[in-house]
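Undergrad: A structural model of the following input is requested.
(2 chains)
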Amino acid sequence: MVMKCPRCVQKIHRAAGACPHCGFTLADADRQFGGRELRLRCLADTAGLLRREERERVEAVMDQFRQRFPQLFVAIYTGALGEAAHLRRFGFWLLNRASFAEVPPETANAAGILLTIDPVTKAAAMSFGYLLDPFLEEADTFECLSRAHSHWLEGRYADGMIKALDQLSWVLRKRSQQARRHPQRFTRKLLLPSPGATRPRSPTHTGEVSR
Amino acid sequence: MNRLLWLTVTASLAGPCLAARSNAPLPTWNEADRKVMEKSGWLAGGQILGGGAEADAPQPAPVHPPDLGQPTAADLAADQVPASPVPEKYLTAYFDARPKTFLIDPQGLLDRQCSHDQLAFLTAHAADSPIDLFIYVFAKDQEIPGEVRGEELSERCFASGRPALLAYYFLGAPQHARLYLSPSLPDVISPGEQRRALQSSITKATEKSGQQKQLQAFTDELARRIYRMEQLLHGISNDADDAKAAQTRAAKLAKKSSSMAERWARWRPLAEDLAIPGLLLGSLLAASLGMIGWRRWRATYRFPEIAVEPRLGGDHAAGVGAVISFASADLPPASQRNQVAHFVRRT
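TA: Numbers count the residues shown, from 1 in each chain, chains lettered A, B, ... in the order given. Just a heads-up that it's a prediction; the model follows:
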């Protein structure tokens, strides 16, 4: 499983406390974006890209996502961050520091997927928590963003968000089914520091599809 | 009804009797009876039998036609121009084969300019019209030899090729003009239409003075009339095409419907037998598909929670996904994928 540093985008060891290449840690992100705890709505349109009706449409799709993937949640943040490269660090920082209003307390941010859009630099990024580390790859997130690309080019942000979430749903559904059939395939992807380190947290979470 | 029948029968029987009696001598009154009846004031059959007052009336004087005298020599000369036959040396040029040009004047009766104009007009007409117009020019007093018949000429020379209309035109005597049609035309153009065309052309020609102007007027009017004939031809052709197409369509439809009916008749017993099971099966299939779709729509998906060692000091996340730029509509998304750090890009 390839991990990349949010700052230098170099491969890092999955248990690294700091990036071996640039020394980046969460503390650096705290210095850049602030160390305080944030409380946000899952759809935080601070850039004001969405009209009311568009906002409702996007929220409906996010609710649907949550019903389909009860373990997970999706958050969307729009705002000016100054530079496209900051999006990675901001996503990393926000998922670690923010608490989202609509997310139940028992659901940790490790189950979150964050879509960040900067309308000033015209860039978007997708970050995800540790829960999806074995199942989601950078290429998957790029595929999701690609689906939204043409809509965002035309300034139709809501349509782009919905397209990206639809694609994300499709990928995650497929991965969930694969994980149910071949769980070893995903556990093997992790570079285990020691044998037996990978284990299901709960005996009920076996990847099976419940209906 | 019965009365009408009796009347008819009586009339049919009485007819021959009356006819037979018409030859019999008429009855006559004897003098004594006649005098008695005349005294009473009315004599039966008096008018018929010649005993009436009119029989005694004086006969009117016979009316004699007025004496207009005998026609003069000038009158006869005006009406009967002594005809001379077309010189034999020109007969071949006139009547041997289908002419190469539309104006046939081997005798050179028209002057050069008029001949050129007429030929140009007739050629232009042929370019516009499917019916060619051939003008055979003769002198006023010329007579077509008896062995040359226009009908025979049209059948011999114009049976093949484009439909044509042949006009024998006598310079200075348009009223003697004659019209012949190539064999393909008389079926389409009625004799009445032909007669009207000729009459109208003659009328137009006679309105003009001067031989060549008359010929020009004649040709113009004839060309106009040909246009009318073309419309008739075209209409008939269109009607024929439409009728043929409609017939074809109807035949196809009938064939199709009959084949469908036959097919249906063949399959009907089987269809009746299978209708209810098929309906049940279809309903079951539809219900199954609906159920599958509904279950899929309602399905929830879960992931196994695999313990992951925290990285970079983050408790919840360290993985970063893709970054994409949507600044340029000219570049594909893959070209706008941001995969390197900003400080690397700057250098």
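Undergrad: need the next SSE after the helix or strand containing B:T219, C-terminal direction.
TA: In this structure, B:T219 sits in helix B:211-298 according to DSSP states H and E. The helix or strand immediately downstream of helix B:211-298 is strand B:320-325, counting by DSSP H and E.
Undergrad: Sheet partners, orientation included, of that next one?
TA: Strands that pair with strand B:320-325, judged by DSSP bridges, come out as strand A:123-128 (antiparallel), strand B:337-338 (antiparallel).
Undergrad: Pick the most buried one from those strands.
TA: Most buried of these by mean neighbour count (mean count of other CB atoms under 10 Å in any protein chain shown) is strand A:123-128; its value is a mean of 28. (C-beta placed from N, C-alpha, C; glycine too.)
Undergrad: Contacts for the helix or strand hosting B:R196, please.
TA: For B:R196, the element it lies in under DSSP H and E is helix B:191-206. Here helix B:191-206 makes contact (CB atoms under 8 Å, 6 or more residues apart in numbering or on different chains) with B:167, B:174-175, B:177-179, B:181, B:186, B:214-215, B:217-222, B:225-226, B:228-229, B:232.
Undergrad: Averaged pLDDT, it. What do you get?
TA: Across helix B:191-206, the average pLDDT comes to 88.
Undergrad: Quick check: buried residues in that helix?
TA: B:194, B:197-198, B:200-202, B:204-205 (16 or more other CB atoms under 10 Å in any protein chain shown).
Undergrad: Show the backbone phi and psi for B:L133.
TA: phi -120, psi 120 (degrees, to the nearest 10).
Undergrad: Quick one: residues contacting the spatially closest residue to it that is not a sequence neighbour.
TA: Residue nearest to B:L133 in three dimensions, not counting chain neighbours: B:L165, with 5.3 Å by CB to CB, 6 or more residues apart in numbering or on different chains. By CB under 8 Å, 6+ apart, the contact set of B:L165 is B:131-134, B:179-182, B:185, B:222, B:226, B:229.
Undergrad: Check the secondary structure at B:L165 for me.
TA: Recorded secondary structure, B:L165: strand (DSSP: H, G, I helix; E, B strand; the rest coil).
Undergrad: Convert the C-alpha atoms of stretch B:291-309 to PDB, please.
TA: C-alpha atoms of stretch B:291-309 as PDB (Å, rounded to 0.1, in the frame of the first residue of the first chain):
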ATOM      1  CA  MET B 291     -37.500  -7.100  -6.100                       C
ATOM      2  CA  ILE B 292     -33.800  -7.300  -7.100                       C
ATOM      3  CA  GLY B 293     -33.800  -3.700  -8.100                       C
ATOM      4  CA  TRP B 294     -35.500  -2.700  -4.800                       C
ATOM      5  CA  ARG B 295     -33.000  -4.700  -2.800                       C
ATOM      6  CA  ARG B 296     -30.100  -3.300  -4.600                       C
ATOM      7  CA  TRP B 297     -31.400   0.200  -4.100                       C
ATOM      8  CA  ARG B 298     -31.900  -0.400  -0.400                       C
ATOM      9  CA  ALA B 299     -28.700  -2.300   0.000                       C
ATOM     10  CA  THR B 300     -26.100  -1.100   2.400                       C
ATOM     11  CA  TYR B 301     -22.400  -1.800   2.100                       C
ATOM     12  CA  ARG B 302     -19.900  -2.300   4.800                       C
ATOM     13  CA  PHE B 303     -16.100  -2.500   5.000                       C
ATOM     14  CA  PRO B 304     -14.000  -4.600   7.300                       C
ATOM     15  CA  GLU B 305     -12.300  -2.300   9.800                       C
ATOM     16  CA  ILE B 306      -8.700  -3.000   9.600                       C
ATOM     17  CA  ALA B 307      -6.300  -1.500  12.100                       C
ATOM     18  CA  VAL B 308      -4.000   1.000  10.500                       C
ATOM     19  CA  GLU B 309      -1.000   2.500  12.300                       C
END
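Undergrad: How many neighbouring residues does B:K256 have?
TA: Using other CB atoms under 10 Å in any protein chain shown, B:K256 has 10 other residues around it.
Undergrad: Pull out the buried members of the contacts of helix B:191-206.
TA: Buried, going by 16+ other CB under 10 Å: B:167, B:174, B:177, B:179, B:181, B:214-215, B:217-219, B:221-222, B:225-226, B:229, out of those.
Undergrad: filter those residues down to the ones near chain A?
TA: Applying CB under 8 Å from any CB of the partner chain, the subset of those adjacent to chain A is empty.
Undergrad: Looking at these, spot the one nearest B:E155.
TA: Using CB to CB, B:L181 comes nearest to B:E155 of these, at 10.4 Å.
Undergrad: Tell me the spatial nearest neighbour of that closest one, not counting adjacent residues.
TA: B:L165 is the one closest to B:L181 (CB to CB, 6+ apart), at 5.8 Å.
Undergrad: Report pLDDT for that neighbour.
TA: 87.
Undergrad: Next: B:K100.
TA: At B:K100, pLDDT is 87.
Undergrad: where does it land in three-state SS?
TA: Note that with three-state DSSP, the state of B:K100 is coil.
Undergrad: mind checking how far it is from chain A?
TA: As judged by CB to the nearest CB, to the nearest Å, B:K100 and chain A stand 72 Å apart.
Undergrad: burial of that residue, as a residue count?
TA: Neighbours around B:K100, by other CB under 10 Å: 6.
Undergrad: Let me see the backbone angles for it.
TA: phi -80, psi -30.
Undergrad: Find the helix or strand that the closest residue to B:P106 other than its chain neighbours is a member of.
TA: Nearest non-adjacent residue to B:P106, counting by CB to CB, 6+ apart: B:A93, 3.5 Å away. Using DSSP H and E, B:A93 maps to helix B:88-95.
Undergrad: how close does A:V9 sit to A:G129?
TA: For A:V9, the distance to A:G129 equals 19 Å [CB to CB, to the nearest Å].
Undergrad: Counting neighbours around each, name which of those two comes out higher.
TA: Legend: neighbour count by other CB under 10 Å for A:V9 and A:G129, higher for A:G129 (26 against 22).
Undergrad: Leaving out sequence neighbours, find the closest residue to the more buried one.
TA: That would be A:A110: by CB to CB, 6+ apart, it lies 3.7 Å from A:G129.
Undergrad: ok now stretch A:17-24, how far from the chain's centre?
TA: 21 Å (CA atoms, centre = their mean, to the nearest Å).
Undergrad: in that stretch, what counts as buried?
TA: A:18-19, A:22, A:24.
Undergrad: nearest spatial neighbour of A:A16, skipping sequence neighbours?
TA: Using CB to CB, 6+ apart, the closest residue to A:A16 is B:R311 (5.5 Å).
Undergrad: That neighbour pairs with what?
TA: Here B:R311, judged by DSSP bridges, has bridge partners B:G314.
Undergrad: surely it meets A:G17?
TA: Yes - in this structure, B:R311 is within contact of A:G17 by CB atoms under 8 Å, at 7.5 Å.
Undergrad: Near the residue lying closest to A:A98 once chain neighbours are set aside, how many other residues are there?
TA: In space, A:A98 comes closest to A:L38 once its chain neighbours are excluded; the distance is 4.2 Å by CB to CB, 6+ apart. Number of residues near A:L38 (other CB under 10 Å) recorded here: 13.
Undergrad: which residues are contacting the helix holding B:A93?
TA: Under CB under 8 Å, 6+ apart, the answer for helix B:88-95 is B:86, B:104, B:106-107, B:136, B:145, B:148, B:153.
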